[in-house]
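**Student:** Give me the fold of what follows.
(one chain, ligands or ions: 4)
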Amino acid sequence: MAEMKHTICGMCAVRCPITVHVENGRPVWLEGNANDAAMGKSLCAKGGATFAQRDDKQRPLGPLLRMGKRGEGQWREVSWDEAFSFITSKLEGIIAEHGGRAVMMSDRGGPFADLRQAFMKAIGSPNYMNHDCTCGRNTHHASRSVYGMGRKDFAYDYENARHIVLFGRNITESLRVKEVKSVLKGLKNGAHLTYIDPRFSVTAGKATRYWQIKPGTDYALLLAIAHVVVDKGYYDAEFVERYVTGLDEFRTFLGPYTPEWAEKETGIKAKDIEAFCFQINEDRPKVIFHPGWMYTRYRDSFYASRMLHILNALMGSIEQKGGLFYVKGAKDAGKKGLKSIAGSIPAVKEERADGCGSRYPYFDTSGGMLHLAFDALDKADPYPIKAYFIHRHNPLIALPDPVEQRRILDKLDLIVSVDVNYSESAWYADVILPENTYLERGDILRMEKGLKPGFGRRQQCVVPLNNTKAGWEIYLELARRLGKEEYLPFKTLEDIWAFQLQDTDVSIEDFDAKGFVKLSQDAIWYDRDKLSFGTESGKIELFNQKLESQGVPSFIPYTAPEEAPAGSFRLLYGRCGYQAHGQHQNNPILSQLLDENHLWIHPEPAAELGIKEGDLVEVSSGDVTGHIRARVTNMIHPEAVFMLHGFGTQVPLQKRALNKGLADQIFMQGKLTDWDKAGGGVNICQSFVTIKPAVSQELK
Ligand SMILES: Nc1nc2c(c(=O)[nH]1)N[C@H]1C(S)=C(S)[C@@H](COP(=O)(O)OP(=O)(O)OC[C@H]3O[C@@H](n4cnc5c(=O)[nH]c(N)nc54)[C@H](O)[C@@H]3O)O[C@H]1N2
Ligand SMILES: Nc1nc2c(c(=O)[nH]1)N[C@H]1C(S)=C(S)[C@@H](COP(=O)(O)OP(=O)(O)OC[C@H]3O[C@@H](n4cnc5c(=O)[nH]c(N)nc54)[C@H](O)[C@@H]3O)O[C@H]1N2
Ligand code: SF4
Ligand SMILES: [Mo]
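**Tutor:** Residues are numbered from 1 along each chain as shown. Ligands and ions are numbered 1, 2, ... in the order given. Reported below is the predicted structural model:
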């Protein structure tokens, strides 16, 4: 009889609740955790490849120390004791000479980051960063600028929506299982779906309206939509009167941005824009403008995202069925939340190397800005950085321009990668500390905010097959060896759980039945007559005086995106449903589903260039060149080419993925320092490439 264990999937950063069936210690079946009604038994393809990941031997199976030059791939297998001793003695030297601030860390953020943040605080460094400068930072900062609250402080009730509007939010492929299910239910219930993307994705195929917008012109389209909404009074006057400030300034600013004007910029017909606005007026307040997720793309994406956030307020869709709702925490349920481990350690007073909170007072310090930390590292300004912990993060893929990154990384005395794979970044590290795959480990408890807030637990379900350790073991041990045990005084994960739960009336056994504990049995909705927001005025601020005083204008005039130089194309990228960034290209199962990416190119330029479907083409930018097969299709805007992100790995021990397809980030030269001064995101859609048929149709 199989034992059913509830845990949290780790095959991507969405971290869905799942259930694993274990028979005689072996995992035999995996499914969604049906105790969570929104999840049901569903799983995505990546989740389904969990066992294959665990069984795969083309991964680091024990700690490794670099022998040759960085990136050369000469590793020595060492014991955990030797790996820890090596790291500790390096860190002791660095901290003695330069202080704790000379150590930085980047990870993939999320609900388990508290322990790593605690570790960084314990060693006296303010330089914890997450991945978000190339993900959701623009949207996050845009949300803060309008609501005074972060992007994750709201969630969306797609199921009951009448109209879902997605600007390049490829919700069915760049997916979260619960979200896709909720959107599909909404569509079944008759919701309209307007999808805007220069590329016809799977989500476009589900849409009731699709606009193939000229790349980089979302802001123009949004200005025109806002213009019509404000001009024609297509907004919720009562909600706006009560909760929104700055409408007059906004109206004046929007004056010139008519649909006729936007048609010239975006390629979308003025009459279609007007028809859309008419329709959302009928559908409101149950209208959701998704504010973008990976919206770190263009230099005005912060402002485009601001428009999306503002449009939600104008629709009156806040704290509204079929619209947006505040995610509720423990306090809303009248309960105590999990005790923060990092929060219990005294604050580090040093300035952050990336300048968040000091040079850039308006940037959220909680996740920092990794590209700015790279710049600080490069220039030793404001101070030298000597060691870098890379945890569940792969900056050589996630940040642009790996050549430039390696030049900067070479200034470090120590690079430690904690990963389950030989990622490109692990391959460039000095030490690889392999983490247990997620079924083989537990993590700290997480807060699960929502209409019914609760706590969730990832527990160890099976034994590790290899000489690997859980992240919590690694950081507790390093802290102990560095003499920082007073800050992290735990021996086991159970000790940590007990610490986190100490002020709650929840015990760890309460997680056994369902895998999570709800703090409220009923959905919590706020009284719509008594909403408040995190801004200085407590209202939704279209015009944000505080940001203005810090040098960030609330409204900026539209400037058309830089045109692709003659003969070149704008490089776009994205995801498919069965890969997560560059993580699973070498997974024994997922590599069979799709082993290489293709270059989407429109038939007209393809014909001019003499390129046919399936041809091998040469992609170039500056001195970087690579080869990839063409997919000739009118599903991509003629001014752009598109490729899936995450392919083209160069790590020899990832044998199934080695040199399969092409990496997009290698063509983003100079983009490490090309970022949005208002939103902070890296402008990675501002890269151009030239294309020509390959000299030989054989891959070398
Ligand atoms: N050019 C370009 N750049 C991009 C993007 C793009 O589309 N194009 N996308 C951007 C976006 S949206 C994001 S979020 C970032 C994502 O960038 P990353 O966060 O770097 O990407 P991931 O692939 O999620 O995972 C990072 C690493 O975690 C490792 N890992 C997986 N599971 C575990 C585990 O259980 N434990 C440990 N320790 N490690 C594990 C993986 O092997 C991988 O090396 O990239 C961004 N950068
Ligand atoms: N299967 C799977 N799911 C994932 C992930 C994964 O790696 N794999 N990653 C997760 C993460 S970390 C994130 S951040 C999200 C990202 O989710 P999304 O933000 O939806 O991200 P992408 O897939 O990067 O991009 C979506 C689309 O943006 C389009 N685009 C490019 N330029 C423009 C433009 O100018 N205007 C408009 N309107 N669209 C444009 C691209 O053509 C692409 O189809 O997905 C999450 N879900
Ligand atoms: S989306 Fe898929 S891979 Fe990601 S956590 Fe959920 S089931 Fe796992
Ligand atoms: Mo992301």
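**Student:** So the closest residue to Ile268 other than its chain neighbours versus Ser317, what's the distance?
**Tutor:** Counting by C-beta to C-beta, 6 or more residues apart in numbering, Ile268 lies nearest to Trp211, which is 5.0 Å off, once chain neighbours are set aside. All C-beta atoms are positioned from the backbone trio N, CA, C, and that covers glycine. According to C-beta to C-beta, to the nearest Å, Trp211 and Ser317 sit 21 Å apart.
**Student:** Up against ligand 3, what does the stretch 51-200 of the chain have?
**Tutor:** Proximity of the stretch 51-200 of the chain to ligand 3 (C-beta under 6 Å from any ligand atom) is limited to residues 175-177.
**Student:** for ligand 1, what are the nearby residues on the stretch 451-600 of the chain?
**Tutor:** Counting by C-beta under 6 Å from any ligand atom, the residues of the stretch 451-600 of the chain near ligand 1 are 573, 580-583.
**Student:** Sort out for me which of these are in strands.
**Tutor:** Tyr573 (DSSP state E).
**Student:** per-residue pLDDT, the nearest residue to Asp674 once chain neighbours are set aside?
**Tutor:** Excluding its sequence neighbours, the residue lying closest to Asp674 (C-beta to C-beta, 6+ apart) is Asn683, at 5.0 Å. Turning to Asn683, the model gives it a pLDDT of 94.
**Student:** Asn683 contacts Asp300, doesn't it?
**Tutor:** No - at 9.2 Å, Asn683 does not count as touching Asp300 under the criterion of C-beta atoms under 8 Å.
**Student:** Name the residues contacting each of those two.
**Tutor:** In terms of C-beta atoms under 8 Å, 6 or more residues apart in numbering, Asn683 and Asp300 are both contacted by the residues Asp676.
**Student:** related to what we said a few turns ago, give me the neighbour count for the residue nearest to Asp674.
**Tutor:** 22 (other C-beta atoms under 10 Å).
**Student:** Begin at 582, not 1, for the rest of this chat.
**Tutor:** Got it, first residue is 582 now, which makes that one Asn1264.
**Student:** so who does it touch?
**Tutor:** By C-beta under 8 Å, 6+ apart, the neighbours of Asn1264 are 877-880, 882, 1252, 1255-1257.
**Student:** Now the two most distant members of those residues.
**Tutor:** Maximum pairwise distance in these, criterion C-beta to C-beta, is 13.6 Å, between Ser882 and Lys1252.
**Student:** Looking only at neighbour counts, state which of the two leads.
**Tutor:** Shown here are Ser882 and Lys1252; by other C-beta under 10 Å, Ser882 has more neighbours (28 against 21).
**Student:** hang on, the more buried one packs against Asp1257?
**Tutor:** Yes - between Ser882 and Asp1257 there is a contact under C-beta under 8 Å: 6.5 Å.
**Student:** any common contacting residues for those two?
**Tutor:** Common contacts of Ser882 and Asp1257 (C-beta under 8 Å, 6+ apart): 719, 1264.
**Student:** do the lengthiest strand in the chain and ligand 1 meet?
**Tutor:** Ranked by number of residues, the top strand in the chain under DSSP E is strand 1205-1213. No - counting by C-beta under 6 Å from any ligand atom, ligand 1 has no neighbours in strand 1205-1213; the shortest distance is 13.2 Å.
**Student:** May I have the strands that pair with that strand, each with its orientation?
**Tutor:** Strand 1205-1213 has its sheet partners listed here by DSSP bridges as strand 1179-1182 (parallel), strand 1197-1202 (antiparallel).
**Student:** Could you export the first one as CSV, CA atoms only?
**Tutor:** Extracted C-alpha coordinates of strand 1179-1182, given in CSV (Å, rounded to 0.1, in the frame of the first residue of the first chain):
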residue,chain,number,x,y,z
HIS,A,1179,13.7,27.2,-33.2
LEU,A,1180,13.9,30.7,-34.7
TRP,A,1181,10.4,32.0,-35.5
ILE,A,1182,10.7,34.3,-38.6
